[in-house]
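Q: Requesting a structural model of the entry that follows:
(one chain, ligands or ions: 1)
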Amino acid sequence: MATTITEIPGPKGLPVLGSLLDLRRDTLGTFLRIRQEYGDVVRVSAGPPGLRTVLHCVFSAEGAQQILASQAANFRKDNQFYEELRLSAGNGLLTSQDADYLRQRRLIQPMFTKRRVDGYATAVTLEAAATAESWRDTPEVDVVPEMNRLALRTVSRILFGADVEAAVDVIGRTLPVISDYVTQRGYAPVNPPRTWPTPANRRAEAATREVYAVCDRIIAERRAQGEGGGDDLLSLLSRASNEEDGSLDPAEIRDQVLVFLLAGHETTATSMAFALHLLARHPEEQARARKEAESLPPDHTLTAADLDGLPYLTMVLKEAMRLFPAAPVMGRRCVEPAEIDGHLIPAGADVLIAPWVTHRHPDLWPDPDHFDPDRFTPEHEATRHRYAWFPFGGGPRACVGQHFSMLESVLALAVLLRSYELEAVDTEVPLSAGITLQATGPARVRLRRRMP
Ligand code: HEM
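A: Presented below is the predicted three-dimensional model:
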């Protein structure tokens with residue numbers, strides 16, 4: 001079928017800075033606004049002449065599918081953001097490409113099979129129960145730091161097993177520094193060299209050195225244990241090997257650990273925090289979710305098998321991830337000129353796709369700002385475009401931690417809802433977009449304990 005290729009529209013912005021100030025002031029709001037004003041494929045320029053970045057933003061489900069899946073080979077992780085991430089967090093599964101990537105994926109994929117992931121459920125449930133217990137005498141909590149701590153402890157326990165306590169404090173302190181540094185540099189029009197002794201460079205280097213030291217020490221211990229080691233993720237990474245790919249050396253293992261921490265911690269924390277906060281603002285949906293959680297046998301430690309009994313809570317989580325996708329935007333570099341959703345994207349273009357915008361696209365989601373978990377009944381899901389909802393990306397580079405994250409979030413929410421009734425104190429939560437979506441203000445909820 002012949003398509004008409006049309007010129008890409010976009011805002012003019014200020015003559016000198018383009019749309020830089022709008023994007024700096026309110027990145028997420030600016031993307032929503034430019035879709036409303038200019039459509040599904042928009043060209044935005046930002047920054048002063050000579051240092052100007054031109055972004056090609058694609059907001060439709062069709063366009064996201066083309067970039068992530070059907071034309072994925074032509075859209076590479078060669079942009080400034082991924083380059084900075086590679087320099088800070090190494091060449092792990094999230095950042096590597098080509099032969100390196102395929103080798104890593106073959107070695108790592110077996111650690112994320114359903115059977116393996118289901119085995120992590122006990123750690124998840126125990127950590128969530130510890131969080132519930134720590135709230136016992138507290139009338140009110142801010143769910144953002146609380147879920148951050150829970151997600152950090154859970155992913156650290158799964159990675160480091162018995163060494164969780166040795167790792168968790170250092171990681172909690174250093175990871176935000178590394179993640180802020182990558183975000184700053186990933187989107188700045190110009191960056192000082194990393195070798196200059198600026199305060200930001202020094203802080204990030206110290207944080208990286210500290211987190212490397214902890215990982216290296218635990219990795220060395222695991223390798224010394226050899227086959228006799230445990231079955232935490234780090235032991236599995238240390239033992240992973242096959243004939244074609246050999247095994248991962250200690251530096252490669254460390255890169256993977258950092259990627260799992262960076263990609264798996266804040267993202268899951270954000271999803272759980274917003275799901276809880278939305279429930280705290282919507283008592284009817286909360287009561288329905290709790291009824292489901294309480295229909296599971298009391299005093300029983302939840303396992304992966306219990307997920308089948310929690311379909312509504314799963315829908316709540318999906319709806320929370322629609323409204324607050326933890327990775328609100330993703331970027332790629334276009335290699336050869338490509339036709340995307342009826343527009344020609346030039347070779348070398350910086351391309352941005354945005355779950356944040358597609359998830360609120362009024363053609364895909366009626367009344368898009370309204371919280372309604374029933375959008376995710378199987379019947380409704382079957383009628384929507386496959387890429388109307390893509391918080392985990394898609395195509396060959398889709399999130400490897402997707403099942404783990406869903407399992408963790410749904411089971412943790414079930415444990416917390418069985419223990420407490422929640423009522424929102426803050427109704428609106430201010431947001432910013434870094435590597436992940438972040439709350440920049442409190443998301444407090446009042447607690448009423450249900451269990452003795
Ligand atoms: C709510 C939770 C999560 C969200 C929203 C999320 C989101 C994403 C997204 C959007 C991508 C694709 C990035 C791109 O295409 O540029 C991705 C990739 C990835 N994620 Fe996640 N993630 C989550 C949890 C996790 C967890 C728990 C882990 C690991 C323990 C993890 C590890 C990874 C890795 C290794 C990749 C790269 C996969 C590849 O390229 O083959 N993520 N994630």
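Q: What helices and strands are in contact with the host helix or strand of residue 284?
A: In this assignment (DSSP states H and E), residue 284 forms part of helix 283-294. In terms of contact count using 3 or more C-beta pairs under 8 Å, 6 or more residues apart in numbering; DSSP states H and E, helix 283-294 is assigned the packing partners helix 266-281, helix 311-323, helix 402-419, strand 420-424. Where you see a C-beta, it was placed from the backbone N, CA and C, and this is true even at glycine.
Q: winner for burial among those?
A: Across the helices and strands packed on helix 283-294, averaging neighbours per residue (mean count of other C-beta atoms under 10 Å) puts helix 266-281 on top, at a mean of 26.
Q: How far does it sit from its chain's centre?
A: Its chain's C-alpha centre and that of helix 266-281 lie 13 Å apart, by C-alpha atoms, centre = their mean, to the nearest Å.
Q: likewise stretch 269-284?
A: Distance, centroid of stretch 269-284 to centroid of chain: 17 Å (C-alpha atoms, centre = their mean).
Q: distance of the nearest residue to residue 88 once chain neighbours are set aside from residue 191?
A: Nearest residue to residue 88 in three dimensions, chain neighbours excluded: residue 182, at 5.0 Å (C-beta to C-beta, 6 or more residues apart in numbering). Distance of residue 182 to residue 191, given as C-beta to C-beta, to the nearest Å: 11 Å.
Q: Repeat that for residue 316.
A: Distance, residue 316 to residue 191, using C-beta to C-beta: 40 Å.
Q: on that earlier part again, residue 182 and residue 191: which has the busier surroundings?
A: Neighbours were tallied for residue 182 and for residue 191 using other C-beta atoms under 10 Å; the higher tally belongs to residue 182 (23 against 16).
Q: Leaving out the residues flanking it, which one is nearest to whatever residue of the chain ends up closest to the ligand?
A: Of the chain, the residue with the smallest distance to the ligand, taken as C-beta to the nearest ligand atom, is residue 401 at 2.2 Å. Taking C-beta to C-beta, 6+ apart, and ignoring the residues beside it in sequence, residue 401 has residue 264 as its nearest neighbour in space, at 5.0 Å.
Q: Just list the residues touching the residue nearest the centre of the chain, thanks.
A: Computing the C-alpha centroid of the chain and ranking residues by C-alpha atoms, centre = their mean puts residue 267 first, at 3.5 Å. With contacts taken as C-beta atoms under 8 Å, 6 or more residues apart in numbering, residue 267 has the following neighbours: 326-327, 405, 436.
Q: if we go to 10 Å?
A: Taking C-beta atoms under 10 Å, 6 or more residues apart in numbering as the definition of contact, the neighbours of residue 267 are 151, 155, 321, 325-327, 391-392, 399, 401, 405, 409, 435-437.
Q: So which of the residues you listed sit within strands?
A: residue 437 (DSSP state E).
Q: Write out the residues of the stretch 151-300 of the chain neighbouring the ligand.
A: Residues of the stretch 151-300 of the chain found near the ligand (C-beta under 6 Å from any ligand atom) are 155, 259-260, 263-264, 267-268, 271.
Q: So of the residues you listed, which two are at opposite extremes in space?
A: Longest distance between any two of those is 18.2 Å, between 259 and 271; criterion C-beta to C-beta.
Q: which residues in the stretch 51-200 of the chain form strands?
A: Taking DSSP state E, counting those that start in this stretch, the strands of the stretch 51-200 of the chain run over residues 53-58, 75-76, 140-142.
Q: gap between the last one and the chain center?
A: For strand 140-142, the distance from its own C-alpha centre to the chain's C-alpha centre is 23 Å (C-alpha atoms, centre = their mean).
Q: Show me which parts of it are buried, residue by residue.
A: By neighbour count on 16 or more other C-beta atoms under 10 Å, the buried set for strand 140-142 is 141-142.
Q: same question for that strand, mean pLDDT?
A: In this model, strand 140-142 has a mean pLDDT of 97.
Q: again, but for the longest one
A: Averaging the model's pLDDT scores along strand 53-58 yields 90.
Q: Just confirm yes or no for that strand near the ligand.
A: No - judged by C-beta under 6 Å from any ligand atom, strand 53-58 and the ligand are separated, with a smallest distance of 13.3 Å.
Q: partners of that strand, with directions?
A: strand 41-46 (antiparallel), strand 350-353 (parallel) (DSSP bridges).
Q: so does the helix or strand following the shortest one get close to the ligand?
A: With elements assigned by DSSP H and E, the helix or strand that comes after strand 350-353 is helix 355-358. No - judged by C-beta under 6 Å from any ligand atom, helix 355-358 stays clear of the ligand, getting no closer than 7.3 Å.
Q: Can you show me the CA trace of helix 355-358 as PDB?
A: Extracted in PDB, the C-alpha atoms of helix 355-358 (Å, rounded to 0.1, in the frame of the first residue of the first chain):
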ATOM      1  CA  PRO A 355       5.400   5.600  27.000                       C
ATOM      2  CA  TRP A 356       4.600   8.700  29.000                       C
ATOM      3  CA  VAL A 357       2.800  10.200  26.000                       C
ATOM      4  CA  THR A 358       1.600   7.100  24.200                       C
END
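Q: what's the burial count for the residue of the chain closest to the ligand?
A: The tally of other residues near residue 401 (other C-beta under 10 Å) stands at 20.
Q: Need the pLDDT of it.
A: According to the predicted model, the pLDDT of residue 401 comes to 94.
Q: distance of it from residue 163?
A: Distance of residue 401 to residue 163, given as C-beta to C-beta: 20 Å.
Q: What of residue 89?
A: Counting by C-beta to C-beta, the gap from residue 89 to residue 163 is 20 Å.
Q: Enumerate every residue touching residue 159.
A: Applying C-beta under 10 Å, 6+ apart to residue 159 gives the contacts 167, 171, 215, 218, 232-237, 256-257, 260-261, 264.
Q: swap that for residue 223, please
A: Per C-beta under 10 Å, 6+ apart, neighbours of residue 223: 229, 234-235, 238-239, 249-250, 253.
Q: For these, which single residue is the most surrounded?
A: For those, neighbours were counted using other C-beta under 10 Å, and residue 234 has the most, 27 neighbours in all.
Q: sorry, back to before: make a markdown table from the helices and strands packed on helix 283-294 and add distance to residue 115 to it.
A: Written out in a markdown table, the entries for these read as follows (distance: least, C-beta to C-beta, whole Å):
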| stretch | distance to residue 115 |
| --- | --- |
| helix 266-281 | 20 |
| helix 311-323 | 19 |
| helix 402-419 | 11 |
| strand 420-424 | 32 |
